[in-house]
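[1] What would the 3D arrangement of this be:
(one chain, ligands or ions: 2)
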Amino acid sequence: MSAPLPIALYGTGQVGRAVLARLERFADASLVVVHVENSRHEWSDLDADAAQIVLDATASDTVAARHAEWLARGVHVVTANKLGRGASLARADAIEQACIASGARYGDAATVGAGLPLLRSLRALRAGGDAIHGVAGVLSGSLAWLFAHFDGRVPFSTLVREARAAGYTEPDPRIDLSGEDVRRKLLILARAAGVALEADTVQVESLVPDALAAADLDAIDEQLATLDAPMQSLLDAARETGARLHFVARWHDGVARVGLETLVAGHPLAAGGGTDNRVAIRSARYAGQPLVIQGPGAGADVTAAAMLDDVLAIRDALRGAQAIRSVATSSKNASIGWGRLIA
Ligand SMILES: NC(=O)C1=CN([C@@H]2O[C@H](COP(=O)(O)OP(=O)(O)OC[C@H]3O[C@@H](n4cnc5c(N)ncnc54)[C@H](O)[C@@H]3O)[C@@H](O)[C@H]2O)C=CC1
Ligand SMILES: N[C@@H](CC=O)C(=O)O
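    Numbering: from 1, shown residues only. Ligands and ions are numbered 1, 2, ... in the order given. Sure thing, here's the model as predicted:
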(Lines give C-alpha, C1' and ligand atoms only; values in the text may rest on other atoms or scores of the structure.)
(Ligands and ions follow the chains in the order given, each with its own letter.)
Protein backbone atom coordinates (compact mmCIF):
# COMPACT_ATOMS: atom_id res chain seq x y z
CA MET A 1 0.00 0.00 0.00
CA SER A 2 1.34 3.48 -0.88
CA ALA A 3 1.91 6.21 1.75
CA PRO A 4 -1.01 8.62 2.36
CA LEU A 5 -1.00 11.78 0.26
CA PRO A 6 -0.10 14.80 2.41
CA ILE A 7 -2.55 17.71 2.04
CA ALA A 8 -2.23 21.38 3.06
CA LEU A 9 -5.42 23.43 3.45
CA TYR A 10 -5.48 27.23 3.16
CA GLY A 11 -8.65 28.83 4.52
CA THR A 12 -10.84 27.64 7.39
CA GLY A 13 -13.98 29.67 6.68
CA GLN A 14 -17.30 28.29 5.41
CA VAL A 15 -15.76 26.19 2.65
CA GLY A 16 -12.51 25.23 4.43
CA ARG A 17 -14.38 23.95 7.49
CA ALA A 18 -16.76 21.95 5.26
CA VAL A 19 -13.72 20.42 3.51
CA LEU A 20 -12.20 19.36 6.84
CA ALA A 21 -15.53 17.91 8.04
CA ARG A 22 -15.92 15.99 4.78
CA LEU A 23 -12.35 14.64 4.94
CA GLU A 24 -13.00 13.53 8.51
CA ARG A 25 -16.24 11.75 7.53
CA PHE A 26 -14.53 10.25 4.49
CA ALA A 27 -11.78 8.88 6.79
CA ASP A 28 -9.70 7.43 3.98
CA ALA A 29 -6.21 6.23 4.83
CA SER A 30 -4.96 7.40 1.42
CA LEU A 31 -5.16 11.09 2.45
CA VAL A 32 -3.67 12.94 5.42
CA VAL A 33 -3.99 16.63 6.30
CA VAL A 34 -0.55 17.82 7.43
CA HIS A 35 -0.97 21.59 7.43
CA VAL A 36 -3.89 24.00 7.89
CA GLU A 37 -3.69 27.75 7.85
CA ASN A 38 -5.94 30.79 7.74
CA SER A 39 -5.17 34.50 7.82
CA ARG A 40 -4.52 34.36 11.57
CA HIS A 41 -3.09 30.92 12.50
CA GLU A 42 -1.15 27.91 11.23
CA TRP A 43 -1.42 24.30 12.45
CA SER A 44 1.28 21.93 11.16
CA ASP A 45 2.18 18.29 11.57
CA LEU A 46 4.60 18.70 8.70
CA ASP A 47 5.91 21.75 6.89
CA ALA A 48 3.42 23.08 4.31
CA ASP A 49 6.14 22.45 1.70
CA ALA A 50 5.83 18.70 2.34
CA ALA A 51 2.27 18.68 0.98
CA GLN A 52 1.63 16.99 -2.35
CA ILE A 53 -1.79 18.60 -2.71
CA VAL A 54 -2.60 22.19 -1.72
CA LEU A 55 -6.27 23.07 -1.16
CA ASP A 56 -7.12 26.76 -1.54
CA ALA A 57 -10.38 27.60 0.27
CA THR A 58 -9.56 31.29 0.63
CA ALA A 59 -10.64 34.29 -1.41
CA SER A 60 -7.08 35.59 -1.19
CA ASP A 61 -5.19 37.04 -4.14
CA THR A 62 -1.90 36.31 -2.32
CA VAL A 63 -2.73 32.60 -2.08
CA ALA A 64 -3.97 32.47 -5.70
CA ALA A 65 -0.72 34.12 -6.82
CA ARG A 66 1.10 31.03 -5.48
CA HIS A 67 -0.87 28.46 -7.52
CA ALA A 68 1.56 28.50 -10.47
CA GLU A 69 4.57 28.29 -8.16
CA TRP A 70 3.14 25.22 -6.36
CA LEU A 71 2.26 23.56 -9.66
CA ALA A 72 5.72 24.27 -11.09
CA ARG A 73 7.19 22.36 -8.10
CA GLY A 74 4.96 19.39 -8.96
CA VAL A 75 2.48 20.09 -6.15
CA HIS A 76 -1.15 19.54 -7.18
CA VAL A 77 -3.59 22.38 -6.46
CA VAL A 78 -7.33 22.09 -5.77
CA THR A 79 -9.09 25.43 -5.48
CA ALA A 80 -12.42 27.08 -4.75
CA ASN A 81 -10.65 30.43 -5.09
CA LYS A 82 -11.42 31.90 -8.52
CA LEU A 83 -8.44 34.24 -8.52
CA GLY A 84 -6.25 31.57 -10.13
CA ARG A 85 -7.79 31.10 -13.58
CA GLY A 86 -10.37 33.89 -13.13
CA ALA A 87 -8.00 36.85 -12.70
CA SER A 88 -5.46 38.13 -15.24
CA LEU A 89 -4.82 36.15 -18.42
CA ALA A 90 -1.10 36.12 -17.54
CA ARG A 91 -1.83 34.30 -14.26
CA ALA A 92 -4.18 31.83 -15.97
CA ASP A 93 -1.49 31.13 -18.62
CA ALA A 94 1.19 30.66 -15.92
CA ILE A 95 -1.03 28.04 -14.25
CA GLU A 96 -1.51 26.27 -17.59
CA GLN A 97 2.22 26.30 -18.39
CA ALA A 98 3.17 25.08 -14.90
CA CYS A 99 0.78 22.11 -15.23
CA ILE A 100 2.24 21.22 -18.64
CA ALA A 101 5.85 21.54 -17.45
CA SER A 102 5.54 19.57 -14.20
CA GLY A 103 2.59 17.28 -14.89
CA ALA A 104 0.90 18.56 -11.71
CA ARG A 105 -2.90 18.81 -11.79
CA TYR A 106 -5.13 21.81 -11.17
CA GLY A 107 -8.55 20.94 -9.73
CA ASP A 108 -10.87 23.90 -10.26
CA ALA A 109 -14.34 22.30 -10.41
CA ALA A 110 -15.46 24.29 -7.34
CA THR A 111 -14.67 27.65 -8.93
CA VAL A 112 -17.71 27.73 -11.25
CA GLY A 113 -21.18 26.53 -10.28
CA ALA A 114 -19.78 25.26 -6.94
CA GLY A 115 -18.84 22.01 -8.67
CA LEU A 116 -21.72 21.63 -11.17
CA PRO A 117 -20.41 19.69 -14.18
CA LEU A 118 -19.80 22.89 -16.16
CA LEU A 119 -16.04 23.08 -16.61
CA ARG A 120 -15.90 19.31 -16.95
CA SER A 121 -18.49 19.39 -19.79
CA LEU A 122 -16.78 22.25 -21.65
CA ARG A 123 -13.42 20.46 -21.47
CA ALA A 124 -14.93 17.14 -22.54
CA LEU A 125 -16.62 18.80 -25.54
CA ARG A 126 -13.34 20.43 -26.60
CA ALA A 127 -11.40 17.21 -26.08
CA GLY A 128 -13.93 15.52 -28.37
CA GLY A 129 -13.22 18.08 -31.11
CA ASP A 130 -16.23 20.34 -30.54
CA ALA A 131 -15.90 24.11 -30.97
CA ILE A 132 -17.54 26.18 -28.22
CA HIS A 133 -19.33 29.22 -29.63
CA GLY A 134 -20.72 30.80 -26.48
CA VAL A 135 -21.88 30.49 -22.92
CA ALA A 136 -24.79 32.32 -21.31
CA GLY A 137 -26.42 31.99 -17.95
CA VAL A 138 -26.86 32.66 -14.29
CA LEU A 139 -23.47 32.05 -12.65
CA SER A 140 -23.99 33.54 -9.19
CA GLY A 141 -25.65 31.41 -6.54
CA SER A 142 -26.08 34.33 -4.15
CA LEU A 143 -27.58 36.67 -6.78
CA ALA A 144 -29.86 33.86 -8.03
CA TRP A 145 -31.07 33.37 -4.45
CA LEU A 146 -31.49 37.12 -3.90
CA PHE A 147 -33.56 37.67 -7.04
CA ALA A 148 -35.62 34.51 -6.42
CA HIS A 149 -36.60 35.96 -3.01
CA PHE A 150 -36.81 39.69 -3.78
CA ASP A 151 -40.50 40.54 -4.20
CA GLY A 152 -40.55 43.96 -2.56
CA ARG A 153 -41.96 42.79 0.77
CA VAL A 154 -38.56 42.57 2.47
CA PRO A 155 -35.86 45.18 1.74
CA PHE A 156 -33.10 43.97 -0.57
CA SER A 157 -30.46 44.72 2.11
CA THR A 158 -32.17 42.30 4.54
CA LEU A 159 -31.97 39.55 1.94
CA VAL A 160 -28.27 40.33 1.35
CA ARG A 161 -27.64 39.81 5.08
CA GLU A 162 -29.50 36.46 4.92
CA ALA A 163 -27.53 35.31 1.87
CA ARG A 164 -24.31 36.26 3.64
CA ALA A 165 -25.29 34.39 6.82
CA ALA A 166 -26.18 31.31 4.75
CA GLY A 167 -22.64 31.29 3.27
CA TYR A 168 -23.74 32.03 -0.32
CA THR A 169 -21.93 35.33 -0.76
CA GLU A 170 -18.22 35.99 -0.97
CA PRO A 171 -16.50 37.05 2.27
CA ASP A 172 -17.10 40.59 0.95
CA PRO A 173 -20.64 40.49 -0.57
CA ARG A 174 -19.80 43.48 -2.78
CA ILE A 175 -17.72 41.03 -4.86
CA ASP A 176 -21.05 39.37 -5.76
CA LEU A 177 -23.16 42.53 -6.00
CA SER A 178 -20.63 44.31 -8.21
CA GLY A 179 -20.64 41.45 -10.74
CA GLU A 180 -16.94 40.79 -10.05
CA ASP A 181 -17.52 37.19 -8.91
CA VAL A 182 -19.55 36.50 -12.06
CA ARG A 183 -16.88 38.13 -14.21
CA ARG A 184 -14.29 35.73 -12.72
CA LYS A 185 -16.50 32.73 -13.44
CA LEU A 186 -17.19 33.86 -17.02
CA LEU A 187 -13.42 34.27 -17.57
CA ILE A 188 -12.78 30.76 -16.23
CA LEU A 189 -15.48 29.31 -18.51
CA ALA A 190 -14.38 31.21 -21.64
CA ARG A 191 -10.73 30.27 -21.05
CA ALA A 192 -11.74 26.63 -20.56
CA ALA A 193 -13.55 26.95 -23.88
CA GLY A 194 -10.22 27.91 -25.45
CA VAL A 195 -10.63 31.69 -25.66
CA ALA A 196 -7.81 33.87 -24.34
CA LEU A 197 -10.13 36.43 -22.76
CA GLU A 198 -8.47 39.37 -20.94
CA ALA A 199 -10.19 40.26 -17.65
CA ASP A 200 -10.86 43.88 -18.62
CA THR A 201 -12.65 42.96 -21.85
CA VAL A 202 -15.67 41.76 -19.86
CA GLN A 203 -18.26 44.52 -19.55
CA VAL A 204 -19.54 44.50 -15.99
CA GLU A 205 -22.69 46.22 -14.71
CA SER A 206 -22.38 46.69 -10.95
CA LEU A 207 -25.35 46.87 -8.57
CA VAL A 208 -23.26 48.55 -5.84
CA PRO A 209 -24.07 52.21 -5.07
CA ASP A 210 -21.04 54.52 -4.58
CA ALA A 211 -21.48 54.85 -0.78
CA LEU A 212 -21.46 51.07 -0.38
CA ALA A 213 -18.49 50.69 -2.72
CA ALA A 214 -16.52 53.23 -0.67
CA ALA A 215 -17.23 51.66 2.75
CA ASP A 216 -14.61 49.71 4.72
CA LEU A 217 -15.37 45.97 4.89
CA ASP A 218 -16.26 46.13 8.59
CA ALA A 219 -18.63 49.05 7.95
CA ILE A 220 -20.57 47.74 4.97
CA ASP A 221 -23.56 46.62 7.02
CA GLU A 222 -24.50 50.26 7.66
CA GLN A 223 -24.33 51.00 3.93
CA LEU A 224 -26.29 47.97 2.66
CA ALA A 225 -29.55 49.95 2.89
CA THR A 226 -28.31 52.18 0.03
CA LEU A 227 -29.19 49.22 -2.21
CA ASP A 228 -32.86 49.24 -1.25
CA ALA A 229 -34.31 52.16 -3.26
CA PRO A 230 -32.49 51.44 -6.55
CA MET A 231 -33.27 47.72 -6.35
CA GLN A 232 -36.95 48.44 -5.63
CA SER A 233 -37.14 50.70 -8.73
CA LEU A 234 -35.55 48.00 -10.88
CA LEU A 235 -38.02 45.43 -9.52
CA ASP A 236 -41.00 47.74 -10.20
CA ALA A 237 -39.82 48.42 -13.77
CA ALA A 238 -39.36 44.69 -14.45
CA ARG A 239 -42.82 43.91 -13.09
CA GLU A 240 -44.42 46.46 -15.41
CA THR A 241 -43.23 44.38 -18.34
CA GLY A 242 -44.28 41.11 -16.69
CA ALA A 243 -40.63 40.06 -16.25
CA ARG A 244 -38.29 39.21 -13.37
CA LEU A 245 -34.75 40.31 -12.53
CA HIS A 246 -31.85 37.92 -13.22
CA PHE A 247 -28.12 38.57 -13.11
CA VAL A 248 -26.81 37.08 -16.35
CA ALA A 249 -23.37 36.44 -17.87
CA ARG A 250 -22.93 36.16 -21.63
CA TRP A 251 -19.92 35.40 -23.77
CA HIS A 252 -20.43 35.06 -27.52
CA ASP A 253 -18.54 36.13 -30.67
CA GLY A 254 -15.73 37.68 -28.63
CA VAL A 255 -18.11 39.84 -26.59
CA ALA A 256 -18.44 39.19 -22.87
CA ARG A 257 -20.77 40.99 -20.47
CA VAL A 258 -22.32 40.49 -17.08
CA GLY A 259 -25.23 42.44 -15.66
CA LEU A 260 -28.86 42.59 -14.67
CA GLU A 261 -31.45 41.47 -17.24
CA THR A 262 -35.22 41.29 -17.17
CA LEU A 263 -36.38 37.87 -18.32
CA VAL A 264 -39.96 36.70 -18.74
CA ALA A 265 -41.08 33.43 -17.17
CA GLY A 266 -40.39 30.62 -19.63
CA HIS A 267 -37.14 32.21 -20.87
CA PRO A 268 -34.54 29.40 -21.09
CA LEU A 269 -32.31 31.13 -18.48
CA ALA A 270 -35.14 32.02 -16.08
CA ALA A 271 -35.86 28.58 -14.62
CA GLY A 272 -34.55 27.18 -11.35
CA GLY A 273 -34.89 28.17 -7.72
CA GLY A 274 -32.80 28.70 -4.59
CA THR A 275 -29.15 29.23 -5.46
CA ASP A 276 -29.53 27.53 -8.84
CA ASN A 277 -27.09 28.37 -11.59
CA ARG A 278 -28.38 27.71 -15.10
CA VAL A 279 -25.96 27.80 -18.00
CA ALA A 280 -26.52 27.29 -21.73
CA ILE A 281 -23.55 26.19 -23.83
CA ARG A 282 -23.65 26.67 -27.60
CA SER A 283 -21.16 24.76 -29.69
CA ALA A 284 -20.83 23.23 -33.14
CA ARG A 285 -22.43 20.08 -31.71
CA TYR A 286 -25.11 21.99 -29.77
CA ALA A 287 -25.81 24.69 -32.37
CA GLY A 288 -29.61 24.60 -32.56
CA GLN A 289 -30.58 23.67 -29.02
CA PRO A 290 -27.95 24.56 -26.41
CA LEU A 291 -26.66 22.16 -23.79
CA VAL A 292 -28.16 23.40 -20.51
CA ILE A 293 -26.72 22.63 -17.07
CA GLN A 294 -28.59 23.63 -13.91
CA GLY A 295 -28.19 23.10 -10.17
CA PRO A 296 -27.16 24.67 -6.86
CA GLY A 297 -24.36 27.17 -7.50
CA ALA A 298 -23.35 28.21 -3.97
CA GLY A 299 -23.06 26.75 -0.49
CA ALA A 300 -20.17 25.41 1.55
CA ASP A 301 -21.18 21.74 1.36
CA VAL A 302 -21.54 21.41 -2.41
CA THR A 303 -18.33 23.40 -2.85
CA ALA A 304 -16.40 21.23 -0.40
CA ALA A 305 -17.75 18.10 -2.11
CA ALA A 306 -16.45 19.37 -5.46
CA MET A 307 -13.02 20.01 -3.92
CA LEU A 308 -12.91 16.51 -2.45
CA ASP A 309 -13.91 15.05 -5.86
CA ASP A 310 -10.91 16.83 -7.39
CA VAL A 311 -8.62 15.54 -4.62
CA LEU A 312 -9.82 11.97 -5.20
CA ALA A 313 -9.35 12.30 -8.96
CA ILE A 314 -5.74 13.36 -8.33
CA ARG A 315 -5.20 10.49 -5.89
CA ASP A 316 -6.63 8.01 -8.40
CA ALA A 317 -4.50 9.42 -11.24
CA LEU A 318 -1.39 9.06 -9.06
CA ARG A 319 -2.38 5.49 -8.13
CA GLY A 320 -3.02 4.75 -11.84
CA ALA A 321 0.41 6.11 -12.76
CA GLN A 322 1.95 4.02 -9.99
CA ALA A 323 0.13 0.89 -11.21
CA ILE A 324 1.30 1.54 -14.79
CA ARG A 325 4.88 1.96 -13.52
CA SER A 326 4.72 -1.33 -11.64
CA VAL A 327 3.17 -3.15 -14.64
CA ALA A 328 5.93 -1.66 -16.82
CA THR A 329 8.58 -2.81 -14.33
CA SER A 330 7.16 -6.30 -14.07
CA SER A 331 6.79 -6.64 -17.86
CA LYS A 332 10.40 -5.42 -18.23
CA ASN A 333 11.42 -8.11 -15.78
CA ALA A 334 9.28 -10.59 -17.67
CA SER A 335 10.93 -9.70 -20.95
CA ILE A 336 14.34 -10.11 -19.30
CA GLY A 337 13.08 -13.53 -18.29
CA TRP A 338 11.95 -14.34 -21.84
CA GLY A 339 15.29 -13.12 -23.18
CA ARG A 340 17.14 -15.49 -20.87
CA LEU A 341 14.86 -18.34 -21.89
CA ILE A 342 15.40 -17.71 -25.60
CA ALA A 343 19.14 -17.29 -25.07
N1 LIG B 1 -19.33 29.93 -0.26
C2 LIG B 1 -19.61 29.39 -1.44
O3 LIG B 1 -20.75 29.02 -1.74
C4 LIG B 1 -18.51 29.22 -2.44
C5 LIG B 1 -17.27 29.75 -2.23
N6 LIG B 1 -16.30 29.59 -3.16
C7 LIG B 1 -15.00 30.18 -2.90
O8 LIG B 1 -14.44 29.60 -1.74
C9 LIG B 1 -13.53 30.52 -1.15
C10 LIG B 1 -13.79 30.61 0.34
O11 LIG B 1 -15.10 31.07 0.55
P12 LIG B 1 -15.73 31.09 2.04
O13 LIG B 1 -15.29 29.86 2.76
O14 LIG B 1 -17.16 31.37 1.87
O15 LIG B 1 -14.97 32.35 2.66
P16 LIG B 1 -14.68 32.66 4.24
O17 LIG B 1 -14.51 34.12 4.36
O18 LIG B 1 -15.70 31.98 5.08
O19 LIG B 1 -13.26 31.95 4.48
C20 LIG B 1 -12.07 32.42 3.95
C21 LIG B 1 -10.92 31.83 4.72
O22 LIG B 1 -9.70 32.17 4.07
C23 LIG B 1 -8.75 32.57 5.07
N24 LIG B 1 -7.71 33.39 4.45
C25 LIG B 1 -7.80 34.63 3.92
N26 LIG B 1 -6.59 35.04 3.48
C27 LIG B 1 -5.73 34.02 3.71
C28 LIG B 1 -4.35 33.83 3.48
N29 LIG B 1 -3.60 34.76 2.89
N30 LIG B 1 -3.77 32.65 3.88
C31 LIG B 1 -4.51 31.67 4.46
N32 LIG B 1 -5.84 31.80 4.70
C33 LIG B 1 -6.44 32.97 4.34
C34 LIG B 1 -9.58 33.30 6.10
O35 LIG B 1 -8.89 33.41 7.32
C36 LIG B 1 -10.79 32.35 6.17
O37 LIG B 1 -10.49 31.27 7.02
C38 LIG B 1 -13.73 31.85 -1.89
O39 LIG B 1 -12.69 32.00 -2.86
C40 LIG B 1 -15.06 31.67 -2.60
O41 LIG B 1 -15.14 32.38 -3.81
C42 LIG B 1 -16.48 28.89 -4.31
C43 LIG B 1 -17.68 28.31 -4.58
C44 LIG B 1 -18.81 28.46 -3.68
N1 LIG C 1 -20.41 33.91 -3.96
C2 LIG C 1 -20.51 32.89 -4.94
C3 LIG C 1 -20.26 31.56 -4.30
C4 LIG C 1 -19.87 30.57 -5.29
O5 LIG C 1 -18.96 30.73 -6.09
C6 LIG C 1 -21.88 32.90 -5.59
O7 LIG C 1 -22.74 33.63 -5.10
O8 LIG C 1 -22.09 32.20 -6.58
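[2] Can you tell me the closest non-neighbouring residue to whichever residue of the stretch 51-200 of the chain sits closest to ligand 2?
    Nearest residue of the stretch 51-200 of the chain to ligand 2 (Cβ to the nearest ligand atom) works out as Ser142 at 3.2 Å. For glycine as for every other residue, the C-beta is placed from the backbone atoms N, C-alpha and C. Spatial nearest neighbour of Ser142, chain neighbours left out: Tyr168 (4.0 Å); criterion: Cβ to Cβ, 6 or more residues apart in numbering.
[3] how about the residues of the stretch 1-150 of the chain near ligand 1?
    10-16, 37-39, 57-60, 62-63, 80-82, 110, 114, 141 (Cβ under 6 Å from any ligand atom).
[4] what about burial for those residues, which qualify?
    10-12, 14-16, 37-38, 57-60, 63, 80-82, 110, 114, 141 (16 or more other Cβ atoms under 10 Å).
[5] Please report how far the spatially most central residue of the chain lies from Met307.
    Geometric centre of the chain, nearest residue: Thr111, 0.4 Å, by Cα atoms, centre = their mean. Applying Cβ to Cβ, to the nearest Å, the value for Thr111 to Met307 is 10 Å.
[6] Is Ala59 part of a helix or strand, or is it coil?
    State at Ala59, reduced to three classes by DSSP: H, G, I helix; E, B strand; the rest coil: coil.
[7] Now do the contacts for it.
    Ala59 sits next to 11, 81, 83, 170-172, 175 when contact means Cβ atoms under 8 Å, 6 or more residues apart in numbering.
[8] what are the phi and psi angles of it?
    Dihedral pair for Ala59: phi -110, psi 30, per degrees, to the nearest 10.
[9] Next one: it, what pLDDT does it get?
    With respect to pLDDT, Ala59 scores 97.
[10] give the contact list for Met87.
    Let me fix one detail, which is that residue 87 is Ala and not Met. Contact analysis of Ala87 by Cβ under 8 Å, 6+ apart lists 61, 64, 184, 187, 199.
[11] Make a markdown table from those and add distance to ligand 2, secondary structure and neighbour count to it.
    What follows is those, written out as a markdown table (distance: Cβ to the nearest ligand atom, whole Å; DSSP: H, G, I helix; E, B strand; the rest coil; neighbours: other Cβ atoms under 10 Å):
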| residue | distance to ligand 2 | secondary structure | neighbour count |
| --- | --- | --- | --- |
| Asp61 | 16 | helix | 12 |
| Ala64 | 14 | helix | 23 |
| Arg184 | 9 | helix | 25 |
| Leu187 | 13 | helix | 27 |
| Ala199 | 17 | helix | 19 |
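[12] From those, which one has the minimum pLDDT?
    Ala199 (95).
[13] Correct me if wrong: it contacts Leu187.
    Yes. Between Ala199 and Leu187 there is a contact under Cβ atoms under 8 Å: 6.0 Å.
[14] for this structure, which spans come out with low pLDDT?
    Scanning the chain for pLDDT under 70 picks out 1, 325-343.
[15] Show me where it has its helices.
    Assigned by DSSP state H, the chain shows helices spanning 14-26, 61-64, 67-72, 89-102, 119-127, 141-149, 156-165, 174-177, 180-192, 210-214, 220-223, 228-240, 300-342.
[16] Those residues of this structure touching ligand 2, which are they?
    Near ligand 2, when you scan the chain using Cβ under 6 Å from any ligand atom, you find 114, 140-142, 168-170, 176, 181, 297-298.
[17] Now for the residue in the stretch 201-343 of the chain positioned nearest to ligand 2, how many residues are close by?
    Closest to ligand 2 within the stretch 201-343 of the chain is Ala298: 4.0 Å, counting by Cβ to the nearest ligand atom. Neighbours of Ala298 under the rule other Cβ atoms under 10 Å: 27.
[18] Looking at the chain, which residue is nearest ligand 1?
    Taking Cβ to the nearest ligand atom, the chain has Gly13 as its residue nearest ligand 1, at 1.8 Å.
[19] which residues touch the closest residue to Gly74 other than its chain neighbours?
    Nearest residue to Gly74 in three dimensions, chain neighbours excluded: Ser102, at 4.6 Å (Cβ to Cβ, 6+ apart). Ser102 is in contact with 71-74, counting by Cβ under 8 Å, 6+ apart.
[20] Tell me the one of those nearest Ala219?
    Leu71 (37.6 Å; Cβ to Cβ).
[21] Chain neighbours aside, what residue packs nearest to the closest one?
    Using Cβ to Cβ, 6+ apart, the closest residue to Leu71 is Ala98 (3.7 Å).
[22] What of Ser206?
    Ser178 (4.2 Å).
[23] residues near the residue nearest to Gly194 when sequence neighbours are not counted, how many?
    Spatial nearest neighbour of Gly194, chain neighbours left out: Arg126 (6.0 Å); criterion: Cβ to Cβ, 6+ apart. Neighbourhood size, Arg126 [other Cβ under 10 Å]: 15.
[24] From what I see, the residue nearest to Ser206 and Asp210 are in contact.
    No. Counting by Cβ under 8 Å, Ser178 sits too far from Asp210 to count as a contact (11.6 Å).
[25] The two: who's more crowded?
    Ranked by neighbour count (other Cβ under 10 Å), Ser178 and Asp210 place Ser178 first, with 20 against 10.
[26] rewinding a little: give me the phi and psi angles of the residue of the chain closest to ligand 1.
    The phi/psi pair for Gly13 (degrees, to the nearest 10) is phi -90, psi -150.
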